[in-house]
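A.B. asks: Need the 3D shape of this:
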Amino acid sequence: MKLPFGVVDADGHINEPETKLMSYLEGPYADIKNFHSYIPGGDGAVGGSVIAGKDYMDSSLGGRLGAHGGPDFPTPQEWLDNADVGSMETVFVFPTTLLGYARIIDPDYLIALTRAYNNYISEEWLKFSPRFKSVALMPMMDVEESIKEMRRCVTELGFNGVFLSAVGFGLLGEKRNDPFYAEAERLGTTVAVHGGHATAESQKYTKFIQRHTIGFPVSNMMQMMHMTYEGVYEKFPTLKVGYLEAGCTWVPYLLDRMDEEWEKRGWFETPNCKKKPSEYIKGGNVFIHAEPGEELIPEVIRVMGSNRLFYASDWPHWDNEYPDSVFHIWQRDDLTEEQKRGILRGNASEMYGLANGG
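C.D. replies: Next up is the predicted model:
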């Protein structure tokens, strides 16, 4: 099946090889022999027997789930060949091994590794084809260095946004991050908050399904709540923020809950949240990832007040359903054609500031 327009994938993934990243490391880390625990093995699979001191949970069920190839899979050309199957025009690439980069506790190493990854993406993906776009990793342990790296990546390397892990850098509404958001707003670049394995009990789960089910939506809820209450959307009214990889049907619940709490305690505890929290989220600058199978997508669009939902393939991760996920959205009979075009193309184009629009 071919769609009558090009799809924008707001969150696809690559499996960045250790050897590639090592070749881009600068300074005293240029001779480092290996990275932190989130590195691909010789067969391209992520994770060995131990990650971060904990027994590894095998998300791929021994390789039975998801696409697997060699250590360089997928190459840029393999990604483009795959994109053509689902009528994709543009792919925003996100990392795999470095989704857990916020766990790095050495601030200098964190800066060096994020620069290496961003340089690698610029040289070997963005320059390979204009169909590839990306968001840059930020070493948010150091806000000043993050601002410098954001400027470099957006103004010199051609990135369309910045990546912030929802887990590992604390609560993103903290005032220390205000200069970072101010610069992102000035540059007109997008802040992409990517869900992760949240909750204090995450290391106590005995099965991967437990951690994966609850962690991603909870981490995004936590960050949306904190950013709203602490006034990020009040202080930076044109800042564009996307919440990724957790679906969208948690949003109406959270908006109702935040509004209720704000009406009772906001006057005292949220001085920088001057309107109902839901008004900020519905204002048009906040974008939410929608899973194709979510039954309540039409209701989320109704509650949000505008269609700000976007599509993400998550390919080649174990839980992706691409290309069926594209066609599932396009064939839904409970969405208008305008809404489906918005999810599959227009809203991600607006979020990331693509010139070709919807």
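
A.B. asks: now do the same end-to-end measure for stretch 293-313.
C.D. replies: End-to-end distance for stretch 293-313: 13 Å, by CA to CA, to the nearest Å.

A.B. asks: Distance check, A184 against Y243.
C.D. replies: Separation of A184 from Y243 (CB to CB, to the nearest Å): 15 Å. No exception for glycine: its C-beta is placed from N, CA and C like everyone else's.

A.B. asks: swap in Q210?
C.D. replies: Applying CB to CB to Q210 and Y243 gives a distance of 22 Å.

A.B. asks: neighbour-wise, which of these two wins?
C.D. replies: Neighbours were counted for Q210 and for Y243 using other CB atoms under 10 Å; Y243 has more, 28 against 15.

A.B. asks: I figured the more buried one was touching V193, is that so?
C.D. replies: Yes - counting by CB atoms under 8 Å, V193 is a contact partner of Y243 at 5.2 Å.

A.B. asks: Find the residues that touch each one of these two.
C.D. replies: Common contact partners of Y243 and V193 (CB atoms under 8 Å, 6 or more residues apart in numbering): 166, 220, 223-224.

A.B. asks: is the nearest residue to V286 once chain neighbours are set aside in a bridge, and if so with what?
C.D. replies: Leaving aside its sequence neighbours, V286 sits nearest to V241 (CB to CB, 6 or more residues apart in numbering; 5.4 Å). Note on V241: beta-bridge partners by DSSP bridges are V191, V286.

A.B. asks: what helix or strand does W79 sit in?
C.D. replies: When elements are assigned from DSSP states H and E, W79 belongs to helix 76-85.

A.B. asks: who's in contact with that helix?
C.D. replies: 9, 12, 14, 69, 74, 89, 91, 93, 124-125, 128-129, 131-132, 315-316, 322-323.

A.B. asks: swap in stretch 267-277?
C.D. replies: Applying CB under 8 Å, 6+ apart, the contact partners of stretch 267-277 are 225, 228-231, 234-235, 255, 258-259, 262-263, 266, 280.

A.B. asks: what about the residue nearest to V286, neighbour count?
C.D. replies: V241: 25 surrounding residues under other CB under 10 Å.

A.B. asks: List the neighbours of stretch 328-347 that are in contact with it.
C.D. replies: Outside stretch 328-347, the residues that touch it by CB under 8 Å, 6+ apart are 1, 3, 5-8, 89, 287, 290, 292-293, 297-298, 301, 307-311, 321, 326, 357-358.

A.B. asks: Among these, the buried ones, what's the PyMOL command?
C.D. replies: Only the buried members of the contacts of stretch 328-347 enter the following PyMOL selection, criterion being 16 or more other CB atoms under 10 Å:
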select buried, resi 3+7+8+89+287+290+292+297+301+307+308+309+310+311+326
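
A.B. asks: hang on, S313 in a helix?
C.D. replies: No - read with DSSP: H, G, I helix; E, B strand; the rest coil, S313 is coil and lies in no helix.

A.B. asks: show me the contacts for the closest residue to I14 other than its chain neighbours.
C.D. replies: Distances taken as CB to CB, 6+ apart place V93 nearest to I14, at 5.1 Å, with adjacent residues excluded. Counting by CB under 8 Å, 6+ apart, V93 makes contact with 12-14, 79, 121, 125, 132-134.
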